[in-house]
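>>> Requesting a structural model of the entry that follows:
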Amino acid sequence: MNITIIGSGAIGGVLGAYLVKAGNQVTFCDIDSDHVKAMNKLGLTIEGPDETFTVPCHAFTPQELIENKPRFDTIFLCVKAQHTEMALSPFLDFINEHTKVVSIQNGLCENIIASMIGKEKTIGCFVNFSADYLAPGRILYGGTAALFVGELDYSISERVLELQKVLQAWGPAQVTDNIWGYLWSKMAYAGLLYATALVDETMATVVRNREYRETLMELCSEILEVAEKESVTTIAFDDWDPSLVYPRETRKSELLDDQLEKLAVRMATNKKTKSGIWRDLAVRKRKTEIDSQLVPIVEIGAKHNVSMPLTTLLISLIKELEAQSIKMDWDNLNKLKYVYIHDI
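Numbers count the residues shown, from 1 in each chain. Below you'll find the predicted structure:
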């Protein structure tokens with residue numbers, strides 16, 4: 001399988017490096033010219049919890065790749081959700097009837113890709129391992145976690161089984177006949193992660209704070225209610241179990257508390273103890289993916305008349321952090337808690 005990775009930062013860099021290490025043919029593409037130069041000159045270095053290694057790379061900027069008139073077999077699209085259309089558009093003339101585009105992203109980006117090239121060329125992927133771009137040619141890898149590939153029509157095809165085999169060069173890649181269940185489950189989890197980024201603390205610290213637990217679980221429930229309205233059955237992954245959160249009336253505090261402690265332990269022992277959302281806000285001083293992740297869910301929720309006051313406020317607070325008009329502080333979570341208490 002000839003693989004082109006568009007977006008060779010955190011997720012794309014890790015997957016691509018492991019594929020190269022296993023002997024696969026991989027072309028890297030990234031908008032950061034310094035990153036591309038470093039990969040070509042020095043290779044791509046992955047700094048993981050168990051090993052640090054460097055692989056040689058064939059890397060291009062988008063313009064350089066276009067000038068080479070690429071013949072695409074399989075594209076791994078690994079860009080931020082808000083950059084999906086911009087990243088794929090320059091290559092549309094080179095995508096043929098045999099090309100497969102795999103959305104290895106956070107969000108419901110498969111819908112955008114399918115609208116651009118057709119559902120038959122689009123494959124869904126749920127990925128939950130953590131990674132961070134450190135510097136040109138260097139990626140921090142948090143460790144193995146869940147990764148599933150699946151068709152958008154809920155079938156299991158030969159091509160996703162082939163993808164699974166290739167991706168096992170990275171780790172325990174699996175196939176699913178319910179990729180939407182994983183993607184929506186992660187959107188509820190993303191709501192929790194965005195909330196942890198309201199404070200300059202580790203994810204585990206916020207998850208373990210009982211004062212905000214009911215508020216944060218109601219935040220997740222708003223998103224899970226929209227998934228239910230969309231006829232999606234969400235699925236548990238990596239110590240996140242949405243069935244313990246929603247439906248609200250079946251929630252059992254003791255079981256949920258036990259599961260959240262397991263989640264907190266996983267977060268605390270990961271090499272990356274703060275989310276990529278936190279890093280976007282606190283370190284890189286750039287916009288998060290919230291406009292392409294939670295904002296569309298609020299819009300879908302409105303079509304189903306689902307009230308989402310906590311999600312709406314969370315979006316507003318993140319945008320204020322992006323604009324640097326407020327600071328990360330526990331008071332941001334207090335604002336969420338206030339809305340929750342007065343909305344009951």
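>>> Give the rounded mean pLDDT of the helix or strand where Glu110 lies.
In this assignment (DSSP states H and E), Glu110 forms part of helix 109-117. Mean pLDDT, computed over helix 109-117, is 97.
>>> residues of it that come out buried?
Cys109, Glu110, Asn111, Ile112, Ile113, Ala114, Met116, Ile117 (16 or more other Cβ atoms under 10 Å). Backbone N, C-alpha and C define where each C-beta goes, glycine included.
>>> Double-check the second one against Lys121; I have them as touching.
This points to Glu110. No - between Glu110 and Lys121 there is no contact under Cβ atoms under 8 Å: 11.1 Å.
>>> counting contacts, what elements does the helix holding Glu110 pack onto?
Contacts defined by 3 or more Cβ pairs under 8 Å, 6 or more residues apart in numbering; DSSP states H and E place helix 109-117 against helix 84-88, strand 100-104, strand 122-127.
>>> now the strands: where do they sit in the stretch 151-300 of the chain?
174-175 (DSSP state E, counting those that start in this stretch).
>>> how distant is the helix holding Glu110 from the center of its chain?
16 Å (Cα atoms, centre = their mean, to the nearest Å).
>>> Equivalent analysis for stretch 179-188, please.
10 Å.
>>> Which residues does it contact?
When contacts are defined by Cβ atoms under 8 Å, 6 or more residues apart in numbering, stretch 179-188 is touched by residues 106-108, 110, 124-126, 128, 146, 148-152, 154, 176, 220-221, 223-224, 227, 230, 232-237, 240, 242, 245-246, 293-294, 297.
>>> Run the chain-centre distance for stretch 132-140.
17 Å.
>>> repeat for stretch 197-214
The mean C-alpha position of stretch 197-214 is separated from the chain mean by 20 Å, Cα atoms, centre = their mean.
>>> same deal with stretch 94-102?
22 Å.
>>> same thing with stretch 321-334?
The mean C-alpha position of stretch 321-334 is separated from the chain mean by 23 Å, Cα atoms, centre = their mean.
>>> mind saving the C-alpha coords of that stretch as CSV?
Output of stretch 321-334 as CSV, limited to C-alpha atoms (Å, rounded to 0.1, in the frame of the first residue of the first chain):
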residue,chain,number,x,y,z
LEU,A,321,-9.2,31.9,26.1
GLU,A,322,-8.3,31.8,22.4
ALA,A,323,-8.6,35.6,22.4
GLN,A,324,-6.6,35.9,25.6
SER,A,325,-9.4,38.0,27.2
ILE,A,326,-9.6,35.6,30.2
LYS,A,327,-7.1,33.3,31.8
MET,A,328,-7.2,29.6,32.7
ASP,A,329,-8.7,29.5,36.2
TRP,A,330,-11.0,27.3,38.3
ASP,A,331,-13.5,30.2,38.1
ASN,A,332,-14.2,29.1,34.5
LEU,A,333,-15.4,25.8,35.8
ASN,A,334,-17.4,27.6,38.5
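>>> And it, what's buried?
Within stretch 321-334, the residues that count as buried by 16+ other Cβ under 10 Å are Leu321, Glu322, Ile326, Met328, Asn332, Leu333.
>>> Which ones among those residues map onto helices?
Leu321, Glu322, Asn332, Leu333 (DSSP state H).
>>> For the second one, which non-adjacent residue is spatially closest?
Read it as Glu322. Excluding the flanking residues, the one nearest Glu322 by Cβ to Cβ, 6 or more residues apart in numbering is Lys287, at 5.2 Å.
>>> Next, that neighbour: phi, psi?
phi -70, psi 150 (degrees, to the nearest 10).
>>> and it, how many neighbours?
17 (other Cβ atoms under 10 Å).
>>> Confirm for me that it is in contact with Val295.
No - because the distance of 11.8 Å does not satisfy Cβ under 8 Å, Lys287 is recorded as not touching Val295.
>>> Distance to Glu201 and pLDDT added to the buried residues of stretch 321-334, as TSV?
As requested, the buried residues of stretch 321-334 are exported to TSV (distance: Cβ to Cβ, whole Å; pLDDT from 0 to 100):
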residue	distance to Glu201	pLDDT
Leu321	14	98
Glu322	19	97
Ile326	16	97
Met328	8	98
Asn332	11	98
Leu333	10	98
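>>> Look at Gly150 and tell me its secondary structure.
Going by DSSP: H, G, I helix; E, B strand; the rest coil, the secondary structure assigned to Gly150 is strand.
>>> so what's it bridging to?
Beta bridges link Gly150 to Gly124, judged by DSSP bridges.
>>> That one and Thr176, how far apart?
4 Å (Cβ to Cβ, to the nearest Å).
>>> Repeat that for Ala10.
23 Å.
>>> which of the two has more neighbours?
Neighbour tally, Ala10 and Thr176, criterion other Cβ under 10 Å: the higher count belongs to Ala10, 23 against 20.
>>> Grab the most central residue of the protein for me.
Asn106 (2.6 Å; Cα atoms, centre = their mean).
>>> before we move on, back to that, joint contacts of Gly150 and Thr176?
Phe126, Ile156, Tyr182.
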